[in-house]
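*Asks:* sequence-free structure coming up:
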C-alpha cells in the first residue's frame with residue numbers, strides 16, 4: 001500500500017488528477033464575472049432580475065448537492081465510485097454551457113434559470129466527485145495540503161485562461177458580447193479533454209465498508225452537528241461570501257471606479273488568478289509547517305490588509321494594479337486549499353466514528369455553502385448597487401456619489417466576511433497530531449476488513465481476532 005500511495009502522489013499523477021479543475025474553475029470565473037454582466041448589458045435583462053435569477057438557481061441547487069453527496073458515497077460499480085460520477089457530470093455541464101454562452105438576445109428570465117440549473121448540476125457532479133476522490137488519493141495530513149494545493153493551482157490556470165480571452169480579443173477588436181461566445185467554446189473544449197485525462201490516468205481506491213452500509217439519515221444529521229466540520233463549513237461560507245462579493249462587481253469596480261478599460265481590468269484579474277498558481281502551493285506547503293487552521297487566519301489577515309490598498313492605486317495605472325492584485329491573489333489562493341484539505345481531515349474523523357464513508361457528503365455541504373454565498377453575493381451586491389444609484393448599462397454616466405458607493409460596496413463585503421471566516425478558526429482542534437492518530441486507527445480497521453474479504457474469497461487463512469470497535473452511529 002505504501003508503494004501504491006507513493007506512485008499515486010507523484011507530481012505527474014497529481015497534475016493528471018487535477019485536470020478537471022481546469023473546466024470547473026473556468027466555469028466559476030466566467031459565471032461569476034462575465035455572465036451576469038453579459039445578460040444585463042448585452043442580452044437585455046434587468047440587472048435586478050439577473051441577480052434574482054442567480055439567487056433562485058442557487059437556492060434550488062442547494063438540496064441537489066446534498067442528494068448527490070449521499071448517492072456518491074453509496075456508489076460502488078466496476079467503474080469505481082467517484083470516477084463514474086465524473087464521467088456523468090461532464091456532458092451535463094457541457095449542455096448547460098452551450099445554452100448559457102450562446103443564448104440569443106431575446107431570451108427571458110426563465111431561460112436563464114433553466115440554463116443555470118443545467119450548468120450547476122453538471123459542475124456539482126464534477127466538483128464533488130473530484131474532491132471526494134482526492135480524499136482517498138491523499139490519505140495523510142500533509143499529503144492533502146499538497147494535493148489540494150495542486151488542484152487549486154491547476155484550477156487557477158483554467159480560470160486565468162478564461163480571463164485572458166477578453167485581453168486577447170480586445171486587442172483584435174472583438175466586441176464584449178462576442179467574448180462570451182469564445183469563452184463558451186473554450187470551456188466546451190476543456191471539459192471533455194480534461195475529464196478523459198483524469199479518468200484514464202488516475203486509479204481509484206474504494207475504501208472498504210461494512211455490508212450494512214445503508215442510508216441512515218440520522219447519520220447525516222450527526223455529521224452536520226459535529227463541531228469540527230461546523231467550523232470548517234462556517235469558515236468556508238464566510239470566505240466564499242467575501243470573495244464572491246468582489247467577483248460579482250469586479251468589472252464594474254475596476255472600470256468605473258479605478259479607471260481601467262475592460263481589457264486592463266481583465267489583465268489585473270489574470271494577475272490575481274495567476275498569483276494563486278504560486279500562492280496555492282505555497283500556502284499548501286506552509287500548512288505542513290503551521291497547522292492548516294492557523295495558516296487560514298494568516299491568509300485572511302494578508303488578504304484584508306492588501307485589499308485596503310486598492311483605493312490607493314492611481315487611476316488607470318496598470319503596473320501598480322498588477323503588483324497589488326498579485327499580492328492579494330497570493331493570499332486569497334490559500335482559502336480554497338486549506339478549507340478543502342481540512343474537510344478531508346474531517347471526513348476521516350467522521351469515518352472513524354461512524355464507520356461510513358462521508359467524503360462526498362461533506363464536500364456537498366461545503367459546496368452548498370459556496371452556492372449560498374455566491375447566490376447571496378450576486379443578488380445582494382447587484383440590488384445594493386441599483387438602490388445606490390449605480391447604472392451598469394453600456395454608455396451610462398454615473399455620478400461621483402454612485403462611483404463612491406461602488407467602491408464602498410466593493411471593499412466592505414470581503415473585509416467583514418473574510419474576517420468572520422478567520423474568527424471561526426480560533427479554537428479549531430483537528431491538527432496534525434490528532435489526524436495522525438485517526439489515520440492509524442483507520443488503516444488498522446481497513447486492513448482488518450481487507451483480510452476478512454480475502455478469507456471469504458478463499459485467498460488467505462482466517463484473520464487474527466481484533467477487539468470490536470464501538471460504532472457511535
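*Replies:* Cool, the structure landed. Here the structure is a predicted model, which is why all the values come from computation and not from measurement.
*Asks:* Near residue 81, how many other residues are there?
*Replies:* 23 (other CB atoms under 10 Å). Any C-beta I mention is one placed from the backbone N, CA and C, and that applies to glycine too.
*Asks:* Residue 55 now?
*Replies:* 20.
*Asks:* So residue 131 sits against residue 340, correct?
*Replies:* Yes. With contact defined as CB atoms under 8 Å, residue 131 reaches residue 340; the gap is 6.2 Å.
*Asks:* Show me the residue at the heart of the chain, geometrically.
*Replies:* Centroid-nearest residue in the chain, with CA atoms, centre = their mean: residue 336, separated by 6.5 Å.
*Asks:* In contact with the closest residue to residue 358 other than its chain neighbours: list those residues for me.
*Replies:* Of all residues not flanking residue 358 in the chain, residue 350 sits nearest, at 4.9 Å (CB to CB, 6 or more residues apart in numbering). Residues in contact with residue 350, defined by CB atoms under 8 Å, 6 or more residues apart in numbering, are 223, 226, 229, 356, 358, 362.
*Asks:* Repeat the analysis, applying 10 Å as the threshold.
*Replies:* Contacts for residue 350 were tallied using CB atoms under 10 Å, 6 or more residues apart in numbering; they are 219, 222-223, 226, 228-229, 356-359, 361-362, 438, 473.
*Asks:* From residue 10, how far out is it?
*Replies:* For residue 350, the distance to residue 10 (CB to CB, to the nearest Å) stands at 29 Å.
*Asks:* try residue 419
*Replies:* The value you get for residue 419 to residue 10, if CB to CB is used, is 39 Å.
*Asks:* Overlap in contacts, residue 131 and residue 340.
*Replies:* Contacts common to residue 131 and residue 340, judged by CB under 10 Å, 6+ apart, are 148, 151, 363, 366.
*Asks:* Name the helix or strand for the residue nearest to residue 358, please.
*Replies:* Taking DSSP states H and E as the definition, residue 350 sits inside helix 318-354.
*Asks:* Rounded mean pLDDT for that helix, please.
*Replies:* Per-residue pLDDT values over helix 318-354 give a mean of 88.
*Asks:* Equivalent analysis for stretch 428-441, please.
*Replies:* 89.
*Asks:* go on, stretch 190-197?
*Replies:* pLDDT averaged over stretch 190-197 gives 92.
*Asks:* Which positions in that stretch come out as buried?
*Replies:* 190-191, 194-195, 197 (16 or more other CB atoms under 10 Å).
*Asks:* Can you pick out the most distant pair from the shared contacts of residue 131 and residue 340?
*Replies:* The distance between the two most remote of these (CB to CB) is 13.9 Å, for 151 and 366.
*Asks:* before we move on, the earlier item: can you pick out the ones from the contacts of residue 350 that are in helices?
*Replies:* Taking DSSP state H as the definition of helices, the contacts of residue 350 contribute 219, 222-223, 228-229, 359, 361-362, 438.
*Asks:* what about stretch 301-314, average pLDDT?
*Replies:* Rounded mean pLDDT across stretch 301-314 is 90.
*Asks:* quick one: contacts of that stretch?
*Replies:* 239, 242-243, 246, 253-254, 257-260, 268, 279, 319-335, 407-408, 410-411, 414-416, 418-419, 422.
*Asks:* what about residue 427, how many neighbours?
*Replies:* There are 9 residues near residue 427, going by other CB under 10 Å.
*Asks:* That one belongs to a strand, doesn't it?
*Replies:* No. Counting by DSSP: H, G, I helix; E, B strand; the rest coil, residue 427 is not part of a strand but coil.
*Asks:* That one contacts residue 294, correct?
*Replies:* No. The pair residue 427 / residue 294 is not scored as a contact, 11.5 Å apart, by CB atoms under 10 Å.
*Asks:* can you give me the helices in the stretch 151-300 of the chain?
*Replies:* 176-201, 217-224, 227-248, 250-252, 262-286, 292-307 (DSSP state H, counting those that start in this stretch).
*Asks:* for the chain, what are the low-confidence residue spans?
*Replies:* 1-9, 175-177, 206-220, 371, 374-375, 393-395, 450, 453-473 (pLDDT under 70).
*Asks:* Show me the domain layout of it.
*Replies:* 2-200+231-429, 433-460 (automatic domain parsing).
*Asks:* Go through those domains and pick out the most buried.
*Replies:* domain 2-200+231-429 (a mean of 20; mean count of other CB atoms under 10 Å).
*Asks:* Quick check: closest non-adjacent residue to residue 389.
*Replies:* residue 402 is the one closest to residue 389 (CB to CB, 6+ apart), at 4.5 Å.
*Asks:* name the element that neighbour belongs to?
*Replies:* helix 400-423.
*Asks:* chain center to that helix, what's the gap?
*Replies:* Its chain's C-alpha centre and that of helix 400-423 lie 22 Å apart, by CA atoms, centre = their mean, to the nearest Å.
*Asks:* Now residue 77: phi and psi?
*Replies:* Backbone torsions for residue 77, taken as degrees, to the nearest 10, come to phi -130, psi 170.
*Asks:* Residue 84 is in contact with that one, correct?
*Replies:* Yes. The criterion here is CB under 10 Å, and residue 77 meets it with residue 84 at 5.5 Å.
*Asks:* Let me know the distance separating residue 288 from residue 61.
*Replies:* In terms of CB to CB, residue 288 sits 35 Å off from residue 61.
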